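Visitor: pasted the sequence and its predicted model underneath.
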Amino acid sequence: MKRLALVSLLAIGAASPPQADVVIRGGTIYSGADAPAAVGDVEIAGDRIVYVGPSRATKARQVVEAKGKIVAPGFIDAHTHPDSYIRSADPKVRLNLPWLAQGVSTIVIGVDGYGTPDVRSDARKLERSGIGTNVVPFIGFGAVRQRVLGKADRAPSAAELAEEKRLVAKGMCEGAYGLSAGLFYPPQSFAKTEEVAAVAREAGKREGMYDSHQRDESNYNIGLIASTKEAIEIGQKAGARVHIAHLKALGVDLHGKAPDLIRTIAAARAAGQDVTADQYPWLASGSSVDASLVPAWAVDGGYKAMIARFDDPAAMAKIRHEMRENLRRRGGADSLLLIAQGQPWTGKTLAQMATTWKLAPIDAAIRILRVPNKAGTDPAGAAVASFNMAERDVDLIMKQPWVVTSSDGSNGHPRQYATFPKLYQDYVRKRPVLTIGEFIRRSTGRTADMYRIKDRGYLKAGAFADVVVFDPTGYAPRADFIHPREPSAGVTALFVNGRLALKDGATTGTAAGRALLRPTPAECQ
Ligand SMILES: [Zn+2]
């Protein structure tokens, strides 16, 4: 702030030209708002943007020539699993390259119900160790429930519920943005709607969001639409904004259901409720041949127990029958891409291997599963990308004005390294599902507004200087399902809190990220 005052003094100070620490000169500027692009300069002093407008003769220590480049607010990723990066013992890894190389400066963490309620101490720890991106923390319902109830499959007692609520209130008072839940996952799945709503109320009271990885994104238990209605009901009862994570219609039985899904959310919005969502631009989720096809009872007891059942003709008949149905629900043998490294089947679909081996697809799957790893504890090469979403559903969800960009980035899936440039290349340039302006808006300002992240997401004087400069043709993904850890290309410069964090696709070694805690809510006194 001191710097800001100094710069404006100098700017007013008669003859001498204005000064800044950094000038990003002559780029095509998208401010993050619903506004057309304009060519001009962005100036930074300290950790703030001090000027956005037509080019002028400002003196600066550092000049980034951005002619022909796009200049935008650093991207905000609404749903991430970055723990192996930001919590690594290696300071270079903590720079968080997978995200920086995409132009992402801020990531939402603690999602799917896993965030710690000890928000302040965790924020301190991350900042002290040095991280490359800003983080926006959520408290996780799962972490809270497990601390109080362990893995118990029952409702909490009155005292236990009070303790769950106390932990959420504490986390909210320490600066969390809300409560996340992952009701699909045990032990979170053991909680009934009422319990989740009662706990989420502690977030709602303090203007926090309820962020939901739904109980069912497919037809695994209550079904996608009932599950969406449950999230909306929890928000109503909790008095909290509802946000649905990685919104999708998963599995062949759900293909074409996006209109129903959107109608359900639009109805709640029309009735005055604040319901939003994020989405990743991938048709495949990461899984394995066993997890996606073999029934749960047949993998119980581990790999050796599964193989023993394969060798038992009576059990095998039953397994084969259930695997056939699971393969149908997944979308058939063409929809499973085998991505384990160093195998004869790497990069082939299950259908292709069935043809090669002259086997039925289920028998090809079993042949793959029968090859053990060195330790004999797991199949050696069972990883798959499961193409289980329909393009028409993804497109329709993408166009909704209440949906923002997320990666759901986790290890092993290319979305960790390539989501934002893939969205840009596939859904802006190759097929015009979004305009460039919409792509940027839903990856910056709209996300900041939705999560109420103060002074981020926009290029304007006074905002924090998170700024990306990228090449409109060269900005592209390099990771794919076979090579999931290739950093994306095309980001010329990324500033995080006014400091250059990435230059020409390589990290600068500067850990400029901060834990962005919310100001203490009024209810916390
Ligand atoms: Zn999730």
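Guide: Happy to help now that I have it.

Visitor: what are the boundaries of the helices in the stretch 351-500 of the chain?
Guide: 361-369, 391-398, 415-424, 436-441, 445-451 (DSSP state H, counting those that start in this stretch).

Visitor: the ones you listed into a markdown table, with extra columns for distance to the ion?
Guide: Where you see a C-beta, it was placed from the backbone N, CA and C, and this is true even at glycine. Formatted as a markdown table, the helices of the stretch 351-500 of the chain follow (distance: least, C-beta to the ion, whole Å):
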| stretch | distance to the ion |
| --- | --- |
| helix 361-369 | 26 |
| helix 391-398 | 15 |
| helix 415-424 | 12 |
| helix 436-441 | 22 |
| helix 445-451 | 16 |
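
Visitor: quick check: which of those is nearest to Val148?
Guide: Nearest to Val148, of all the helices of the stretch 351-500 of the chain, is helix 445-451, at 26.6 Å by C-beta to C-beta.

Visitor: same for the closest one, what does it pack against?
Guide: With contacts taken as 3 or more C-beta pairs under 8 Å, 6 or more residues apart in numbering; DSSP states H and E, helix 445-451 sits against strand 75-77, strand 403-405.

Visitor: so which of the ones you listed is the most packed in?
Guide: Highest mean neighbour count among those (mean count of other C-beta atoms under 10 Å): strand 75-77, with a mean of 30.

Visitor: strand partners of that one, parallel vs antiparallel please.
Guide: strand 104-109 (parallel) (DSSP bridges).

Visitor: skipping adjacent residues, who's closest to the closest residue to the ion within the stretch 101-250 of the chain in space?
Guide: The ion sits closest to His213 of the stretch 101-250 of the chain, with a gap of 3.6 Å, by C-beta to the ion. The shortest distance from His213 to any residue other than its chain neighbours is 4.0 Å, reached at Gly182 (C-beta to C-beta, 6 or more residues apart in numbering).

Visitor: contact partners for that neighbour?
Guide: Residues near Gly182 by C-beta atoms under 8 Å, 6 or more residues apart in numbering: Val111, Asp112, Gly113, Tyr114, Gly140, Phe141, Gly142, Gln188, His213.

Visitor: ok so, going back, okay, the helices and strands packed on helix 445-451 in CSV with mean pLDDT next?
Guide: CSV is the format used below for the helices and strands packed on helix 445-451 (pLDDT from 0 to 100):
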stretch, mean pLDDT
strand 75-77, 98
strand 403-405, 98
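
Visitor: how about those strands in JSON lines, adding distance to the ion?
Guide: Below are those laid out as JSON lines (distance: least, C-beta to the ion, whole Å):
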{"stretch": "strand 75-77", "distance to the ion": "13"}
{"stretch": "strand 403-405", "distance to the ion": "15"}
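
Visitor: mind putting those in a markdown table, distance to His483 included?
Guide: Below are the helices and strands packed on helix 445-451 laid out as a markdown table (distance: least, C-beta to C-beta, whole Å):
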| stretch | distance to His483 |
| --- | --- |
| strand 75-77 | 21 |
| strand 403-405 | 22 |
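
Visitor: Ile225: which of those is closest?
Guide: Of all those, it is strand 403-405 that lies closest to Ile225, at 17.3 Å by C-beta to C-beta.

Visitor: tell me which residues are up against the closest one.
Guide: 75-78, 247, 276-281, 397, 419-420, 423, 439, 442-443, 446-447, 450.

Visitor: and the residue of the stretch 301-450 of the chain found nearest the ion, what pLDDT?
Guide: In the stretch 301-450 of the chain, the residue that lies nearest the ion is Asp408 (5.8 Å; C-beta to the ion). Model confidence at Asp408, given as pLDDT, is 94.

Visitor: now for it, how many residues are close by?
Guide: Using other C-beta atoms under 10 Å, Asp408 has 25 neighbouring residues.

Visitor: so it makes contact with Ala284?
Guide: No. Asp408 is not in contact with Ala284 according to C-beta atoms under 8 Å; the separation is 11.9 Å.

Visitor: tell me what angle the longest helix belonging to the chain forms with helix 361-369.
Guide: When the chain is parsed with DSSP state H, its longest helix is helix 313-330. Per axes from the mean of the first three to the mean of the last three C-alpha atoms, to 10 degrees, the angle that helix 313-330 makes with helix 361-369 is 110 degrees.

Visitor: in helix 313-330, what's buried?
Guide: Neighbour-count burial for helix 313-330, counted by 16 or more other C-beta atoms under 10 Å, picks out Ile319, Glu322, Met323, Leu327, Arg329, Arg330.

Visitor: and that helix, average pLDDT?
Guide: On average, helix 313-330 scores 95.

Visitor: ok now it, how far from the chain's centre?
Guide: Centre-to-centre, helix 313-330 and its host chain are 33 Å apart (C-alpha atoms, centre = their mean, to the nearest Å).

Visitor: for stretch 418-428, give me every contacting residue.
Guide: Outside stretch 418-428, the residues touching it (C-beta under 8 Å, 6+ apart) are 75, 77, 102-104, 280-282, 395, 398, 405-407, 409, 414-415, 433-436, 439, 443, 475-480, 486, 488-490.

Visitor: still on that earlier bit, the residue of the stretch 101-250 of the chain closest to the ion contacts Gly113, correct?
Guide: Yes. Here His213 reaches Gly113: they are 6.9 Å apart, a contact under C-beta under 8 Å.

Visitor: which neighbours do those two have in common?
Guide: In contact with both His213 and Gly113: Ser180, Ala181, Gly182, Leu183, Tyr185, using C-beta under 8 Å, 6+ apart.

Visitor: how many other residues sit next to Leu95?
Guide: The number of residues near Leu95, taken as other C-beta under 10 Å, comes to 26.

Visitor: for the nearest residue to it once chain neighbours are set aside, give me its contacts.
Guide: Spatial nearest neighbour of Leu95, excluding adjacent residues (C-beta to C-beta, 6+ apart): Gly132 at 3.6 Å. By C-beta under 8 Å, 6+ apart, the contact set of Gly132 is 86, 94-97, 99-100, 496, 501, 507, 510-513.

Visitor: wait, is Gly132 part of a strand?
Guide: No. Looking at Gly132 with DSSP: H, G, I helix; E, B strand; the rest coil, it is coil, so not inside a strand.

Visitor: ok, and the closest non-adjacent residue to Ala340?
Guide: Gly381 (3.4 Å).

Visitor: just to revisit the earlier point, and the helices of the stretch 351-500 of the chain as a markdown table, adding mean pLDDT?
Guide: Shown next, in a markdown table, are the helices of the stretch 351-500 of the chain (pLDDT from 0 to 100):
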| stretch | mean pLDDT |
| --- | --- |
| helix 361-369 | 97 |
| helix 391-398 | 98 |
| helix 415-424 | 98 |
| helix 436-441 | 98 |
| helix 445-451 | 98 |
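
Visitor: want to throw these into a markdown table with mean neighbour count and distance to Asp300?
Guide: Shown next, in a markdown table, are the helices of the stretch 351-500 of the chain (neighbours: other C-beta atoms under 10 Å; distance: least, C-beta to C-beta, whole Å):
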| stretch | mean neighbour count | distance to Asp300 |
| --- | --- | --- |
| helix 361-369 | 21 | 15 |
| helix 391-398 | 18 | 33 |
| helix 415-424 | 27 | 30 |
| helix 436-441 | 21 | 45 |
| helix 445-451 | 23 | 40 |
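
Visitor: go through those helices and name the closest to Gly223.
Guide: Among the helices of the stretch 351-500 of the chain, helix 391-398 sits nearest to Gly223 (C-beta to C-beta), with 15.5 Å.
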